[in-house]
Every structure is written in C-alpha cells, then in structure tokens.
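Novice: task: produce atomic coordinates for the following.
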Amino acid sequence: MGHLIKKGRKLVFSLALAGVLGMGSGCSSLTYQDITSALQSSSGEEPGDSDSFSANLFGTAQETTAPEDSGKTNEFNAEVVASVTARADSNYYYNLLSEPEKKNYISVAAALQEQLDSVKLEETDADVASKIYSCVLMDYPEYFWCDASYKYYESAIRQEIEIIPQYNCGVEERQQRQAAVENVVSQIVAQAPSTEDHYEEIKYVYEYIINNTDYQLDAPENQNIFSVFNNHASVCAGYAKAMQYLLNRMGIYCICVSGTTDKGELHAWNIVQCGGEYCYVDATWGDPIYMESVQGETPVQDTISYDYLCCSQETMQRTHIADSTFTLPACTTTDYEYYRRSGRFFDSADENQLRELMESDIAQRGERTDMQFASGELYLQAVAICEGSLFDEAAQYLGQYYGLSSVSYYRQNEDDTWRITVWWNYS
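Specialist: Numbering: from 1, shown residues only. Presented below is the predicted three-dimensional model:
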C-alpha cells in the first residue's frame, strides 16, 4: 500500500519491488521576482514627491533639480570617443537608433567609459534619453561600474537633458576590479572549446555561469558582470550580461534582451548566433538555484535545465515577453535546441520509444532521462503514460538490472517547455 503527496510538479517516488510506496514534494513552475524596488534602491535614495521616476532593467531614471557645476561634463577624451565611435557600428542597439540618437549614444558611452560626473544630450527628452542610456548599457556589459540608475535634469529653456550617472565605485577601485574580472575571464576563454557553429562554446558559457553563480535576490551589485565573475551571486541582469560579455570576447554574437516574464516580472536574457542562426538563451532559467531562490523550495536535483539553451522564439514566447521598444532578430530555428540534438525530442507519445530511452539510460547508469515533446497535447499524453505505469516499470527494470531490492526515482513535469525528466537513484 502507498500514498502520494503531490506539491507542485516535482515529485519523488520510492519504489519497493514488492509494492509501490510514493512520497512527493517539489515546486511549481518557474517565476521571477519584480526587481523594480531593487532598482529604485540602487540609487541610494527614494524619489521625492516632485521627482519623476521610471525604471527598467537597463536604466532607472530619477528627475532632479538643476545640478551644480561640480564636476566634469562632456569633457571627452578624444581617444575614448574615437574608440567608442569605431565600435559603435558593431553594437546591436546603437544601430536601432536615429542619427541624432546615435550622436547622444556616443556621448553617453564615452561619458560612462571615463566616469564623467554628467553628460548633456542635445535635442532630446527624458523618454528618449532613457532609451539611449538603456541601449548603451545593453551594448556594453563590461561597464560594471555603472549602476542601472541615473538622475537627470531636463532644461526648460533648451531641448536638452543632463544625465548624472550613478557609479558603484571610484576610478581606482574600478581599475582593481577590472583586473580581477580580466583574470577570471581570460581563464574561462582560454579553456573554451572551439567549434564551427559555436554551439559547444555557447553551451560551455551557459554551464559555466550556472555552475559558478548562485541566484541571489539580495546579491550586491547584482545588475553587472562583477557580481558573476567576482562575487558569484547575481540575478538575471548579471547572468545575461556575463553571457554576453564572455561570448563577445570569444568572437561570438550575443546581445542582451530585456522584457518581462509571463507573470509580468522584469527579466533579462540573451540572443546568440549559432551556426549562422539566431537563438534564445536564458542562463538564469537554467539554474536550479534560481528555482530555489524564487520559490523558497529546494530543487529535486541540483542539475542544469537546458530548456532555454539555443531555443526558438516559439518556445521562448510562451514565458518571455521582450520589450517592444526594440526590434529583435527572429529566432525561428529549432536545430540547436538541446533535447533535439541529444535525441530526446519526440514527435509522438509512443510508450515503447519512451521505455527504450529510459532503459538505455539506466543500462548506462545515467543520472536522468529527459523527454521533450513537439506539442502540449503530446506532452500531456506522455505524462499520462509515464505516470500510469511506465515510470514504475522502468524502476523495476533498474532494480532487476542492478540487483537492488528497492529503488527510488524523482520526476519533474515541465509544463512550459513540454518536458518530462526522471532522475534515477542507484543506491
């Protein structure tokens, strides 16, 4: 006799070969926290009654009074401007701007590079300035010394905005941090594989970030790459920027994408180019620690999810909504989706095929069996088959194959990506 306690979609089963006894625990679908309040607090103060405040992942703006002339403004180093200008044409978000916006983009990028106290933008307003600032931060993941927040003053006389960036460290400390980041990044890049289509490099970076970063809502400076490479604790913005920075260093196309989840929560992820095709990547949602942090429950198994590695927009758009401000490359290919490439994608819910895969994994002492399906309907059919008797039959096969008197297994049904995973316990 046995009973099953179901809590969410992750279940753990213990199977005695003389009879089934089930106990379940787990957590439900992935969600992401609304980080607007975190972005607000990053400026160090709350906006007053007369202040104007707007927020997104790559730019939090607070209107202020006319700044005193207490620092450097638009005093650009010619070499810095030349460097920024030379790179600009290869920056994705820069190329989405109008010519006047591009001119202001160069000013912002140069000012942040030099850590100027403020930068004046001509022929613009607060909304356009916010867009430009966001574009710079999305094109320059290496600008870890820039908070996502800034203050601004809008001139009532001239069509001009003065932005006062918020920095998280001074120039001297920044140089020390840059050296520390470079030391880590150079080692990661040196150990990266090299393939013609870049799939293995993308997977390598995806796994590196997940394996070496804890998803932590209160992680310090969690909007930048320093939080990943030095502190090893971050949130989605840090994951996405680190992914972009590493792949760009390897010469691989990668951009950041900002938007929301299907729950309406702010989020960031990436688009990469693999084999000449555009694909989505979300390292945050591949991290098992993410689920634990957001849901407050420990994952069944501390293993990476590959649902959001080089996936198509058909998969991504079920749970991710990109910011409509920006036009993004179409990600239509499914050729590089992990479960397809590894022979674990099914166009039918055939019980014999599923059994064959499970028994093959068990015979090789595989840690887990992943099965992804071509449609939600097939996925539900497969869930019914697996939960009906197939999981228990496979567990009995494991016990007989290894001469065990009892076995246990864990399983997860992932409704958003139509994947079933079962973990086998050989002890």
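Novice: use CA for all of it now, contacts and neighbours both
Specialist: Fine.
Novice: how many neighbours does Pro141 have?
Specialist: 24 (other Cα atoms under 10 Å).
Novice: any idea how far Ser134 is from it?
Specialist: 11 Å (Cα to Cα, to the nearest Å).
Novice: longest helix anywhere in this protein?
Specialist: As assigned by DSSP state H, the longest helix anywhere in the chain is helix 171-190.
Novice: and that one, what does it pack onto?
Specialist: Under the contact criterion of 3 or more Cα pairs under 8 Å, 6 or more residues apart in numbering; DSSP states H and E, helix 171-190 touches helix 226-229, helix 236-249.
Novice: ok, and the closest non-adjacent residue to Asn168?
Specialist: Distances taken as Cα to Cα, 6 or more residues apart in numbering place Trp145 nearest to Asn168, at 5.4 Å, with adjacent residues excluded.
Novice: what sits against that neighbour?
Specialist: If a contact means Cα atoms under 8 Å, 6 or more residues apart in numbering, then Trp145 has 167-169, 174, 224 as its contacts.
Novice: neighbour-wise, which one of the residues you listed leads?
Specialist: Going by other Cα under 10 Å, Asn224 tops these with 27 neighbours.
Novice: thought that one was touching Leu137?
Specialist: No - contact criterion Cα atoms under 8 Å: Asn224 and Leu137 do not qualify, at 9.8 Å.
Novice: overlap of the contact sets of the two?
Specialist: Joint contacts of Asn224 and Leu137 (Cα under 8 Å, 6+ apart) are Tyr143.
Novice: how about the helices in the stretch 51-200 of the chain?
Specialist: Taking DSSP state H, counting those that start in this stretch to define them, one finds helices in the stretch 51-200 of the chain at 78-88, 99-114, 126-139, 171-190, 199-212.
Novice: tell me which of those helices sits nearest to Arg249.
Specialist: Across those, Arg249 has its closest neighbour in helix 171-190 (7.5 Å, Cα to Cα).
Novice: in that closest one, which residues are buried?
Specialist: 174, 177-178, 181, 185, 189 (16 or more other Cα atoms under 10 Å).
Novice: returning to that earlier point: could the helices and strands packed on helix 171-190 go into a markdown table alongside mean neighbour count and distance to Asp214?
Specialist: Converted to a markdown table, these look like this (neighbours: other Cα atoms under 10 Å; distance: least, Cα to Cα, whole Å):
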| stretch | mean neighbour count | distance to Asp214 |
| --- | --- | --- |
| helix 226-229 | 24 | 9 |
| helix 236-249 | 26 | 10 |
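Novice: want to throw those helices into a markdown table with mean pLDDT?
Specialist: Formatted as a markdown table, these follow (pLDDT from 0 to 100):
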| stretch | mean pLDDT |
| --- | --- |
| helix 226-229 | 96 |
| helix 236-249 | 97 |
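Novice: returning to what we had before: out of the helices of the stretch 51-200 of the chain, nearest to Tyr253?
Specialist: helix 199-212 (10.0 Å).
Novice: so which bits of that closest one are buried?
Specialist: Residues of helix 199-212 classed as buried by neighbour count (16+ other Cα under 10 Å): 199, 201-207, 209-211.
Novice: which members of those are the farthest-apart pair?
Specialist: Farthest pair in these, by Cα to Cα: Tyr199 and Asn211, 18.1 Å.
Novice: the bottom helix or strand of the chain by mean pLDDT?
Specialist: Every helix and strand in the chain was compared by mean pLDDT, DSSP states H and E; the lowest is strand 19-22, with a mean of 27.
Novice: I'd say Gln166 and Phe144 touch.
Specialist: No - contact between Gln166 and Phe144 fails when scored by Cα under 8 Å: they sit 11.4 Å apart.
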